[in-house]
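In: I need the structure of the sequence given here:
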Amino acid sequence: MDEQQYEELKWSEAPLYYHKTCPSVSATSETNPGLPIDDDEKENHRNAKTNKRRHRIALRAETTALLIVDVQPEYWGNCPSVRQDFPDFPERLKSVVETCRNRRAKIIWVRADYRRAHSPWLVQFERLRGKTPGFMVEVPCDPGSENFTWEDFATPLGGEVIIPKMSWSSTSDTALKEVLRVSGIDTVLVCGLITSVCVQHSAFGVFEAGYRTLLVTDACADRGRARHNAALALYGDYMYELVTSQDLQDPATGLIPAKPLWLTRNNLCKNVSPLNSFVDLQSALAVAQEQEEKNCGGQVSPVTPTTDENEASTVPSSLTTLSSSEFSPSVNNVQLIQKVLDREMHEAK
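Out: This next block holds a predicted model:
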């Protein structure tokens, strides 16, 4: 099916990019809405969109999460209608996961857990779809079952988060938003199955929660190329940014590898607000680093733990160097940091 048919659906001015456009678009119809758009103006507009160069905002692995939606046998290995049009999906998804792992972004797997007991929408879904051959109503997520498996190219590693979901959205009645919050995430890469259904709803949930949302187009698949393209045309660069697995590997505008984050006694004392998440830690360190640069006449020097005769550095060694990928979404971690802050702030007075 010709992909050009979706061109008119695409959002022409992506809000999270700035553009250099040549040639310029005629302003006739824009300044005079009552006038019809002639063929020359349409052609100029098409040329402008074609020659538009997008300058992407780089992603920082420390605050980026990869959300992998419903990559499981029900929607890939046992779903020939998806595999038919997306033969490269396994390789592209594998590339994205490896890139995020190597650069220390947070990996979050979401898996469908559809049961009548906790998914009331299934009744209406079954009514609309009917009992067609091969149609699955319930898709239980039971790790203890002998039938429970992952795809060979998409299997979680130890320490990676797995979240079951009861509806098409990964944010509805799940722990996802809380995991993102306590992990200090501000950007979410979304990929998986099915593009126009659970990937789309999950991307919307993340976007609605206030996160910068990017959809990795070649690491998604649908029941037919047309449905996939239509979904991206409708919401790409409107609700979420569109990137590819190759874009993430770009050293300048892709996923920037995470760096160690220094957390010292002095850094904690200089921050007057409580640190309840990794974002707060980053803010505290940014203030400390800025002050350090001023003290050094504009020269950046590493922040290191300091101890004088009257004060002993009491920050636990586990907090001396901390990166977001090591900051697990645990209330205990947050409470530990808060206790350290309370003690340090009291001593500073």
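
In: wait, isn't residue 204 in contact with residue 169?
Out: Yes. Look at residue 204 against residue 169 with C-beta atoms under 8 Å: they come within range, at 7.2 Å. Heads up, the C-betas are built off the backbone N, CA and C, glycines and all.

In: where do the contact lists of the two overlap?
Out: When C-beta atoms under 8 Å, 6 or more residues apart in numbering defines a contact, no residue borders residue 204 and residue 169 alike.

In: quick check: phi and psi at residue 153.
Out: phi -90, psi 0 (degrees, to the nearest 10).

In: next up, the contacts around it.
Out: 90, 91, 93, 94.

In: quick one: low-confidence parts of this protein?
Out: Along the chain, the model assigns pLDDT under 70 to residues 1-5, 8, 10-55, 131-136, 264-289, 291-293, 296-349.

In: now the helices: where do they sit in this protein?
Out: Using DSSP state H, the helices of the chain run over 28-31, 39-50, 80-83, 89-102, 122-129, 176-182, 200-208, 225-235, 265-270, 278-295, 331-348.

In: which residues touch the third one?
Out: Going back to what we said before, that points to helix 80-83. Contacts of helix 80-83 (C-beta under 8 Å, 6+ apart): 75, 76, 77, 89, 193, 194, 221, 222, 223, 224.

In: the first one: how many residues sit nearby?
Out: When counting by other C-beta atoms under 10 Å, one arrives at 25 neighbours for residue 75.

In: all strands of the stretch 51-200 of the chain, in order?
Out: 53-54, 59-60, 64-69, 106-112, 161-165, 187-193 (DSSP state E, counting those that start in this stretch).

In: I'd like these laid out as JSON lines, including distance to residue 250 and mean neighbour count.
Out: Converted to JSON lines, the strands of the stretch 51-200 of the chain look like this (distance: least, C-beta to C-beta, whole Å; neighbours: other C-beta atoms under 10 Å):
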{"stretch": "strand 53-54", "distance to residue 250": "12", "mean neighbour count": "12"}
{"stretch": "strand 59-60", "distance to residue 250": "10", "mean neighbour count": "22"}
{"stretch": "strand 64-69", "distance to residue 250": "14", "mean neighbour count": "27"}
{"stretch": "strand 106-112", "distance to residue 250": "20", "mean neighbour count": "23"}
{"stretch": "strand 161-165", "distance to residue 250": "26", "mean neighbour count": "19"}
{"stretch": "strand 187-193", "distance to residue 250": "14", "mean neighbour count": "28"}
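
In: to residue 263, which of the ones you listed lies closest?
Out: Between residue 263 and the strands of the stretch 51-200 of the chain, the tightest spacing by C-beta to C-beta is seen for strand 59-60, at 17.1 Å.

In: on that earlier part again, can you redo the strands of the stretch 51-200 of the chain as CSV with distance to residue 200?
Out: Listed next are the strands of the stretch 51-200 of the chain as CSV, based on distance: least, C-beta to C-beta, whole Å:
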stretch, distance to residue 200
strand 53-54, 22
strand 59-60, 21
strand 64-69, 10
strand 106-112, 13
strand 161-165, 14
strand 187-193, 9
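
In: closest to residue 186 out of the contacts of residue 153?
Out: Using C-beta to C-beta, residue 93 comes nearest to residue 186 of the contacts of residue 153, at 23.3 Å.

In: isn't residue 61 right next to residue 99, touching?
Out: No. Assessed by C-beta under 8 Å, residue 61 is found out of contact with residue 99, at 9.5 Å.

In: those two: which has the busier surroundings?
Out: Taking other C-beta under 10 Å, residue 61 and residue 99 do not tie; residue 61 has more neighbours (24 against 21).

In: list the contacts for the more buried one?
Out: Taking C-beta under 8 Å, 6+ apart, one finds 100, 103, 104, 105, 255, 256, 257, 258, 324, 325 in contact with residue 61.

In: ok, so what distance separates it from residue 261?
Out: As judged by C-beta to C-beta, to the nearest Å, residue 61 and residue 261 stand 12 Å apart.

In: residue 95 now?
Out: Using C-beta to C-beta, residue 95 is found at 27 Å from residue 261.
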